[in-house]
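**Q** below: sequence and its predicted model.
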Amino acid sequence: MSVSQAPGAPEITPAYRRYALFILVLVYTSSHVDRNIMAILVEPIKQDMGWSDTALGFLSGFAFALFYATLGLPVAWLADRSNRRNIIAWAIAIWSAMTAFCGLAQNFWQLALARVGVGIGEAGSSPPSHSMISDLYPPEKRSGALAIYALGVYFGIMLGYLIGGNVSEAVGWRYAFFVVGLPGLLIALLVRMTLKEPPRGHADGLALAVDRNVPPTAGFRHIWKSRAARHLVIGCTLTSFVGYGTVAWNPAYLIRSHGMTVGEVGMYLSFLVGILGGFGAILGGRLADFLAARDRRWNAWIVALSKALTVPLLAFFYLAMDRLTALAWLAPTIVLGAFYLGPTFAMIQTLSPPHLRAMSAAILLFILNLIGLGLGPQLVGILSDALVPTLGKESLRYALLVTMVINLWAAAHYVIGGIYYRREMEAKDAQTG
């Protein structure tokens, strides 16, 4: 790798580092509001347009995920050799405008194309953000920093549920897309005008210039050669498969099986996901940093433990016969379900050399979103439709119950990934020490 000292690098102070992380959390929140707004609007759209669960699963998952995951790769390749801040600013502007266009759709294919546009925009956000955060925070603080970044997932879902549910009940589902989409244009300006491009490798003490000679396939070779990375990617993908399926369909399940209104679901889930999910993301990142200081395997093992504990709790949630009992069982699953993001993102970034960090993040996001986000909601919708003849309106309850068992498969990969992670990091230490 041919690199040189980066000329004219901006000063990175602790105060600026915290500010940059705050802005990137705001960006991630905006992306997840716009991405997940479909979940709370599934039932209003179904009642208005008469579409099947299979069609709605496509709009919630694959229509967004295919372009989001695929375009993330060339965007990441560009981010590893150009200005990441500018890429993020343009991405926000695109997905925000396309979310607003969702409210104008008059048929299935118009809404599908608008959702594709949201996915195209969001492809330019996370890989550059992961790379920037890894250049701002050293390895021993990276899980915690990326766990804070992951708060955007839960804040975004919270706002999507809250705004979507209330606006939909008040004036209709179309206006919900306008309300959540248009403010993103202001966030795009904030990113462009106030963030700095951090030096590559700054937090690792390397201060490298951009290497423009890295081939596009280098990131794939790196992930494939690392056994730890392979197991972490598989575990994260399986976790996301279940997670995106539940995020997309839990509101509809509570409406159909427990007789809740859209507004009630939006209020309850916004609190549970926003507060408890955010707490779980921070707790998972902090526990990973704390336990990994003694044994690096705990970076992954804390996720494995949380996935295993989630399975019985989700079973009680889906088998509960009244809404309050169901919501009581849902609460701890949200806390535990949020553990995986910070540690997984951090391990992938720490395993990767600075010049491949955006691409490594994009590869992880490509696989987990194409399979998890693309197929998770879709499979739940297909299973729900298939079970209607025998289970009627309870078909969705049992479709979700079947898919949540996949969490145990994910836990096994995190256990194995933790073992290889410690070995590879010890080998890396030996080479640099």
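**A** Thanks, I have it. Residues are numbered from 1 along each chain as shown.

**Q** helix/strand/coil for Ile12?
**A** Three-state call for Ile12 (DSSP: H, G, I helix; E, B strand; the rest coil): coil.

**Q** give me the neighbour count for it.
**A** 16 (other CB atoms under 10 Å). (C-beta placed from N, C-alpha, C; glycine too.)

**Q** how close does it get to Val25?
**A** Ile12 is 18 Å from Val25, where distance means CB to CB, to the nearest Å.

**Q** what packs against the helix or strand where Gly72 lies?
**A** Element membership for Gly72 (DSSP states H and E) is helix 62-79. For helix 62-79, the elements it packs on are helix 84-102, helix 108-122, helix 126-136, helix 357-367, helix 374-391, judged by 3 or more CB pairs under 8 Å, 6 or more residues apart in numbering; DSSP states H and E.

**Q** and it with helix 108-122, angle?
**A** Taking axes from the mean of the first three to the mean of the last three CA atoms, to 10 degrees, one finds helix 62-79 and helix 108-122 inclined to each other by 20 degrees.

**Q** residues in contact with helix 62-79?
**A** Helix 62-79 is contacted from outside by 35, 87, 91, 112, 115-116, 118-120, 122-124, 126-128, 131, 216, 219, 358-359, 361-363, 365-367, 369-370, 372-375, 377-378, using CB atoms under 8 Å, 6 or more residues apart in numbering.

**Q** buried subset of these as a ChimeraX selection?
**A** Filtering the contacts of helix 62-79 down to the buried ones (16 or more other CB atoms under 10 Å) takes a single ChimeraX command:
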select :35,87,91,112,115,116,118,119,120,122,123,124,126,127,128,131,219,358,359,361,362,363,365,366,367,369,370,372,373,374,375,377,378
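
**Q** first vs last residue of stretch 126-145, how far apart are they?
**A** Start-to-end span of stretch 126-145 (CA to CA, to the nearest Å) is 14 Å.

**Q** next SSE downstream of the helix or strand harbouring Glu43?
**A** Taking DSSP H and E as the criterion, Glu43 maps to helix 14-49. Following helix 14-49 in sequence order, the next helix or strand is helix 53-60 (DSSP H and E).

**Q** what's that following helix packed up against?
**A** With contacts defined as 3+ CB pairs under 8 Å, 6+ apart, helix 53-60 has these neighbours: helix 14-49, helix 108-122, helix 227-258, helix 374-391.

**Q** just the angle between the second one and helix 53-60, please?
**A** Using the same axes, to 10 degrees, the inter-axis angle of helix 108-122 relative to helix 53-60 is 30 degrees.

**Q** circling back: may I see the buried residues of the helix holding Glu43?
**A** Residues 16-17, 20-21, 23-46 are the ones in helix 14-49 that count as buried (16+ other CB under 10 Å).

**Q** relative to helix 108-122, how tilted is that helix?
**A** Using the same axes, to 10 degrees: helix 14-49 against helix 108-122 is 170 degrees.

**Q** buried residues in the helix holding Gly72?
**A** For helix 62-79, the neighbour count (16+ other CB under 10 Å) marks 62-73, 75-79 as buried.

**Q** residues contacting the residue nearest to Gly103 when sequence neighbours are not counted?
**A** The spatially closest residue to Gly103, leaving aside those adjacent along the chain, is Phe177, at 3.5 Å (CB to CB, 6 or more residues apart in numbering). The contact partners of Phe177, by CB under 8 Å, 6+ apart, come to 37, 99-103.

**Q** distance from the helix or strand containing Phe177 to the middle of the chain?
**A** For Phe177, the element it lies in under DSSP H and E is helix 173-181. Relative to its chain's centre, helix 173-181 lies at 21 Å (CA atoms, centre = their mean, to the nearest Å).

**Q** could you give the mean pLDDT of that helix?
**A** Mean pLDDT, helix 173-181: 90.

**Q** just want the most central residue of the chain.
**A** Geometric centre of the chain, nearest residue: Val153, 5.8 Å, by CA atoms, centre = their mean.

**Q** buried ones in whichever strand or helix holds it?
**A** Assigned by DSSP H and E, Val153 belongs to helix 139-171. By neighbour count on 16+ other CB under 10 Å, the buried set for helix 139-171 is 139, 142-169.

**Q** ok, stretch 288-304 next?
**A** So stretch 288-304, judged by 16+ other CB under 10 Å, has buried residues 288-289, 291-292, 296-304.

**Q** farthest-apart pair in those, please.
**A** Greatest spatial distance among the buried residues of stretch 288-304 (CB to CB): Asp289 and Ala304, at 16.6 Å.
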